[in-house]
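Participant: coords below, sequence missing:
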Ligand SMILES: [Zn+2]
């Protein structure tokens, strides 16, 4: 069976990618309009990534907080932190999620076929059926929050995403990049 037999998809373009000794194929999922890029070569390491356009409306960090929030349990994987479970129990060669200034991507990779299928299943379930719809507190927990250790202290900001951004905005490479 070839890609042309996949009825749910329309083949937009096929191309020999000589530079990386691969065959590329661009598909369109008819129902959702999603574009799928297939790159086929003889590398044992299989990679899957799903990405979304997430242009920000303001500087509150919502796309990055959403990236973290969708990895806090989903319809078929209600674990509180499926991402951590995958890191511990999978044969992955890469597993992460990244928010860029205009997009969010969720890449996984593995040399083991069964593991690869499982990683794709967990990630697709996370991004398409996240528990955040049922539990709004997931978003609040991943977003920035106030912290007060004692009544005499000043109110401080805290939160995983907040702390990551403090790191990103203070790294010399990051600062240079934005100049
Ligand atoms: Zn992050």
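Facilitator: That came through, no problem. Since this is a predicted model, take the numbers as computed values, not measurements.

Participant: residue 37 belongs to a strand, doesn't it?
Facilitator: Yes: the assignment for residue 37 is a strand, going by DSSP: H, G, I helix; E, B strand; the rest coil.

Participant: tell me the contacts of it?
Facilitator: Residues in contact with residue 37 (Cβ atoms under 8 Å, 6 or more residues apart in numbering) are 24, 25, 26, 27. Using the backbone N, CA and C atoms, a C-beta is placed for each residue, glycine as well.

Participant: show me what it is bridged to.
Facilitator: Residue 37 has the following beta-bridge partners by DSSP bridges: residue 26.

Participant: quick one: it and residue 24, what's the gap?
Facilitator: 7 Å (Cβ to Cβ, to the nearest Å).

Participant: with residue 46 instead?
Facilitator: For residue 46, the distance to residue 24 - Cβ to Cβ - is 15 Å.

Participant: could you do residue 12 as well?
Facilitator: Counting by Cβ to Cβ - residue 12 and residue 24 are separated by 11 Å.

Participant: where does the closest residue to residue 40 other than its chain neighbours fall, secondary structure wise?
Facilitator: Among residues not flanking residue 40 along the chain, residue 23 sits closest, at 4.7 Å (Cβ to Cβ, 6 or more residues apart in numbering). Using DSSP states H and E, residue 23 sits in strand 22-29.
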